[in-house]
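> Sequence below, structure please.
(one chain, ligands or ions: 1)
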Amino acid sequence: MGLGELMRHAGCNSIETQVLNSRWRDDRVWRKRVCRKCGARIFTYEITAEEYKLFMQAKELQSQLDEPAWAVIGSLGVHATDLTHAEAADQMEKLRGTNDSGLSVVTAAVAERLKKQEVA
Ligand SMILES: [Zn+2]
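Modelled structure (predicted):
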């Protein structure tokens, strides 16, 4: 087995796969592989190291958006905090049309600082 055939099958964790077919598809190299341990078919696309780096950065950004580290603020103060970014966006949608203008999604840390200023 050549090094070019190494590819981890997430299903059984084996890195021994065999390439059954390689094609030029969607502007990149596509391969159909079979896991030698469990026989599962795996489909892969080759990406450059630069594309991989961008993908990992996007993944990291997505995980930050999924953390309950966001808040909704407006001219009337802090509406809700410790939300995921999607929850904050939902919250903002619910508040739209109320008498609070200038609604925005900020980090929970920023909301915390605003709360302290309100008290002071
Ligand atoms: Zn497998």
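
> what about residue 77, how many neighbours?
12 (other Cβ atoms under 10 Å). (Glycine included, C-beta is placed from N, CA and C.)

> List the contacts of it.
Applying Cβ atoms under 8 Å, 6 or more residues apart in numbering to residue 77 gives the contacts 114-115, 118.

> counting contacts, what elements does the longest helix along the chain pack onto?
Using DSSP state H to assign secondary structure, the helix with the most residues in the chain is helix 49-66. Packing partners of helix 49-66 (3 or more Cβ pairs under 8 Å, 6 or more residues apart in numbering; DSSP states H and E): helix 85-95.

> how far off helix 49-66 does the helix it packs on point, in degrees?
Put simply, helix 85-95 runs at 50 degrees to helix 49-66, going by axes from the mean of the first three to the mean of the last three Cα atoms, to 10 degrees.

> Would you mark the buried spots in helix 85-95?
For helix 85-95, burial by neighbour count (16 or more other Cβ atoms under 10 Å) applies to 85, 88, 91-92, 95.

> what's the closest of these to the ion?
Closest to the ion out of these is residue 85 (35.0 Å), distances taken as Cβ to the ion.

> what's the neighbour count on the residue nearest to that closest one when sequence neighbours are not counted?
Distances taken as Cβ to Cβ, 6 or more residues apart in numbering place residue 65 nearest to residue 85, at 3.9 Å, with adjacent residues excluded. Using other Cβ under 10 Å, residue 65 is surrounded by 13 other residues.

> what residues are up against residue 65?
84-86.

> need these in a markdown table with pLDDT, can you?
What follows is these, written out as a markdown table (pLDDT from 0 to 100):
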| residue | pLDDT |
| --- | --- |
| 84 | 97 |
| 85 | 96 |
| 86 | 97 |
